[in-house]
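Undergrad: Using only what follows, build the 3D model:
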Amino acid sequence: MGVGRRMQKQGPPPDLGKKRKSFEAEDGTRGKKRKTSENSRPVAPSSQSSNGKSNSGLTQHTEGNFVNGERSKRNHGKASVKSGKAVTLGDDSSDVDAADLFGGFDSDEDAITNGLGDAALGDGDALRDDFLDSGSSIYDSEPEQETARFSDDDGSDAEEKLTAANIEGLSRKLQSAQDEEAVQAAQELQDDALQTNISAEVNDLSDTQAISAQLAPDLQLLRTRITDTIRILDNFSTLHDPSCSRSSYTSQLLEDICIYYGYSPYLAEKLFSLFTPSEAFAFFESNETPRPLVIRTNTLRTSRRSLAQALINRGVTLEPVGKWSKVGLQIFESQVPLGATPEYLAGHYILQAASSFLPVMALAPQEDERILEMAAAPGGKSTYIAALMKNTGILFANDSNKNRAKALIGNIHRLGAKNTIISSHDARAFPKIIGGFDRILLDAPCSGTGVIAKDPSVKTNKTETDFLRLPHLQKQMLLAAIDSVDHASKTGGYVVYSTCSVTVEENEGVVQYALSRRPNVKLVETGLGFGVEGFKRYRGKTFDEKMGWTRRFYPHKYNVDGFFVAKLKKTGPSPQTKMDVKGNGTNKGKEADVAMVDKTPMVDDEKENGEDDDFGGFDDEEDEKIIERAERQRLKRKGLNPKSALKGGKTGVAANDADPVRKANTTGGQ
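TA: Predicted coordinates for the structure are as follows:
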């Protein structure tokens, strides 16, 4: 094989000022030389390029002069090739052959740039005949070769030098290019933007719903319109459009609230009617933010100061929840999970919402009392009551759901409530099961409109049927609680009714129903130092004048869950009514009992026959005491006051003789 071109000795570069002479190219296959055009001549290869690198490519030499190191533009890159002749590069072809074929290169970099390095010359590869037979000149591809571009390149082949003469023109050119890009970007945004129902005024509600269901709303424009509508409604006389009524503004605002916050139209209208427009907006806005994390100190095991210090040492940032609570701590930051700390497992605290403190504080349990919580799970309020009672007396923690009662049992054991009895009964049946309680707490099941921040599903899953079914259940439970409490209790006789809802139907409406059905109860002050007064009038309905003593708590005012608390005092015994399983009171029981009374006079067979008893007869006085004691116990189990029921201390026999209905009841009870 011939010596490769890299191994050949190369002489000094030729004189560029002289004209190149024609030469004959050597045929790599047949060993013959071929004459080329007169404008090209053989070039002796050089060992080093001008930049000191080895010559690994082909060098182009063209006809022309160089001025100041630059080639003149005349005949730039031209090299004539004899038409109709195909040139083949063999294994022993030298740099001269390649230079003759491609018109020469200025340097190694030119060869590499044009892709004609060592790899470009394959063994036995032949160029296309039609490429050389075209008769056109071969031009250097360097001016057309595009190098890497950067983000600030203007796309021109060569940057124009900045001078004092052309600076203004270049600035205008740059400014026009930027303006054109801005116009194109704006056009793209306009073409790609979704059409919304905000920009168009739609009067038909069905059309509005159809459009809103198909198109995504522009939340920024929607919020702007909500704030503008609220501002108009707050100062309607001066800011409103004469062509629009207040109801049209209100309906538009409710529609926007439904879209922006995701409420159902029914629930949005019900909640909006509780407030002024600006306060309603604050209420809806506060429901989008979760309430602060609060824990309650279990005073049965530790004090708040000791617990706070222990948690601070574990990296917890906290502060007291407020002046109104002596056991609450608000958590801002925690480096440890609060549900798995040693203090939590030891029962030093429980995770409990601040609003759940309020009904227990209103109940104000005392030591050595008999207290019932009708819906106790998961046990936050029950353990708080036990702590205030200092584990004295008896606490009945009831929940009708046995699955929820499991969590109740766990919290009671963990927090060390030893005076608690757990039951699982229907709360409406308690007057028939057990009574005579000093205090009763009824945190009734509700719609949850006060805890939307905790459960956003309430926004859409509550319907009109729920606000008919739930108040009915709450009324039955409240009547059962009233009938189960002892009005003659020396320290109590109180019933606290609370819900985590803000609707009137579940709060003031239920309390008003209980007042109308039980004249032996009255509203008293809750003892809570803050909160909004309950409604005395609402949408044409008038409630008890003392309904203002009830308390409402809103998230946008006190940063707690929405809550309602009412406190009632039982002043007399409940009427003698027959209670069904569901706790519904009815007077039909009297008629039924009276109909079953046997009015046949009793005959003393012993005196009539004149025969003495083998056992010496009965002791009537002792029997009367036993009967009276049994009657008192029976009345206590029903939650009735034995003294008032027995009419001034008469014996059971005398009372029954005087009252046939009571006699029938006593007979049935025995």
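
Undergrad: Pass me the low-pLDDT residue ranges in the stretch 101-250 of the chain, would you?
TA: 101-162, 190-217 (pLDDT under 70).

Undergrad: repeat that with 50
TA: 101-159, 194-206, 211 (pLDDT under 50).

Undergrad: before we move on, what about the chain?
TA: Residues of the chain that meet the cut-off, pLDDT under 50, sit at 1, 17-159, 194-206, 211, 578-583, 585-613, 615, 649-670.

Undergrad: Which helix in it has the most residues?
TA: When the chain is parsed with DSSP state H, its longest helix is helix 167-192.

Undergrad: could you pull out the strands for the stretch 251-400 of the chain?
TA: 293-297, 316-320, 328-334, 349-351, 370-373, 394-398 (DSSP state E, counting those that start in this stretch).

Undergrad: what about residue 296, distance to residue 341?
TA: For residue 296, the distance to residue 341 (CB to CB, to the nearest Å) stands at 15 Å. C-beta: built from backbone N, CA, C; applies to glycine.

Undergrad: go on, residue 390?
TA: As judged by CB to CB, residue 390 and residue 341 stand 25 Å apart.

Undergrad: try residue 528
TA: Distance of residue 528 to residue 341, given as CB to CB: 31 Å.

Undergrad: can you check residue 314 too?
TA: Counting by CB to CB, the gap from residue 314 to residue 341 is 6 Å.

Undergrad: Kindly report the same for residue 507.
TA: For residue 507, the distance to residue 341 - CB to CB - is 37 Å.

Undergrad: and those two? which has more neighbours close in?
TA: Using other CB atoms under 10 Å as the criterion, residue 507 and residue 341 rank with residue 507 on top: 28 against 17.

Undergrad: most packed of the strands of the stretch 251-400 of the chain?
TA: Among the strands of the stretch 251-400 of the chain, ranked by average contacts under mean count of other CB atoms under 10 Å, first place goes to strand 370-373 (a mean of 26).

Undergrad: That strand packs against which elements?
TA: helix 380-389, strand 394-398, strand 439-443 (3 or more CB pairs under 8 Å, 6 or more residues apart in numbering; DSSP states H and E).

Undergrad: Next, format the ones you listed as TSV and append distance to residue 417.
TA: Shown next, in TSV, are the helices and strands packed on strand 370-373 (distance: least, CB to CB, whole Å):
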stretch	distance to residue 417
helix 380-389	4
strand 394-398	7
strand 439-443	14
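
Undergrad: tell me the most buried of those?
TA: Comparing the helices and strands packed on strand 370-373 by mean count of other CB under 10 Å gives strand 439-443 as most buried, with a mean of 26.

Undergrad: Sheet partners, orientation included, of that one?
TA: With DSSP bridges as the test, strand 439-443 is paired with strand 370-373 (parallel), strand 494-499 (parallel).

Undergrad: would you turn these into CSV with distance to residue 444?
TA: Below are these laid out as CSV (distance: least, CB to CB, whole Å):
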stretch, distance to residue 444
strand 370-373, 11
strand 494-499, 5
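
Undergrad: Quick one: closest of these to residue 353.
TA: Residue 353 lies closest, by CB to CB, to one member of the strands paired with strand 439-443: strand 494-499, at 12.3 Å.

Undergrad: if we can go back for a sec, residue 170 is nearest to which of the strands paired with strand 439-443?
TA: Across the strands paired with strand 439-443, closest to residue 170 is strand 494-499 (CB to CB), at 74.2 Å.

Undergrad: hmm, who's touching that closest one?
TA: 358-359, 362-364, 438-444, 446, 450, 474, 478, 481-482, 485, 506-507, 510-511, 514, 521, 524, 526, 563-570 (CB atoms under 8 Å, 6 or more residues apart in numbering).

Undergrad: For these, which PyMOL command selects only the ones that are buried?
TA: A single PyMOL command selects the buried members of those (16 or more other CB atoms under 10 Å):
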select buried, resi 358+359+362+363+364+438+439+440+441+442+443+444+446+450+474+478+481+482+485+506+507+510+511+514+521+526+563+564+565+566+567+568+569+570
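
Undergrad: contacting residues around residue 298?
TA: So residue 298 contacts 347, 348, 349, 350, 383, 387, 415, 416 (CB under 8 Å, 6+ apart).

Undergrad: what's the neighbour count on the residue nearest to residue 385 when sequence neighbours are not counted?
TA: Nearest non-adjacent residue to residue 385, counting by CB to CB, 6 or more residues apart in numbering: residue 365, 5.0 Å away. With neighbours defined by other CB under 10 Å, the count for residue 365 comes to 26.

Undergrad: In contact with residue 365, which residues are there?
TA: 371, 385, 388, 389, 439.

Undergrad: Name the residues of stretch 167-179 that come out as buried.
TA: Buried residues in stretch 167-179 (16+ other CB under 10 Å): none.

Undergrad: the domain parsing of the chain - what is it?
TA: 16-69+139-286, 83-135+291-353, 355-623 (automatic domain parsing).

Undergrad: neighbours of residue 527, just the number please.
TA: As a measure of burial, residue 527 has 13 neighbours, counting by other CB under 10 Å.

Undergrad: Same check on residue 499?
TA: Neighbour number of residue 499 under other CB under 10 Å is 27.

Undergrad: before we move on, what about residue 480?
TA: Counted with other CB under 10 Å, residues neighbouring residue 480 total 27.

Undergrad: got it, and residue 219?
TA: 12.

Undergrad: just to revisit the earlier point, so which of the contacts of residue 298 is the closest to residue 246?
TA: Within the set of those, residue 350 lies nearest residue 246; the separation is 47.9 Å, counting by CB to CB.

Undergrad: what sits opposite that closest one in the beta ladder?
TA: With beta bridges defined as DSSP bridges, residue 350 has these partners: residue 296.

Undergrad: Run through the residues that contact it.
TA: With CB under 8 Å, 6+ apart, residue 350 has these contacts: 295, 296, 298, 344, 379, 380, 383, 411, 415.

Undergrad: Redo those residues as a markdown table? Include distance to residue 269.
TA: What follows is the contacts of residue 350, written out as a markdown table (distance: CB to CB, whole Å):
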| residue | distance to residue 269 |
| --- | --- |
| 295 | 37 |
| 296 | 36 |
| 298 | 42 |
| 344 | 42 |
| 379 | 36 |
| 380 | 33 |
| 383 | 39 |
| 411 | 38 |
| 415 | 42 |
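
Undergrad: coming back round to it: could you check the strands paired with strand 439-443 and tell me which one is nearest residue 628?
TA: strand 370-373 (22.4 Å).
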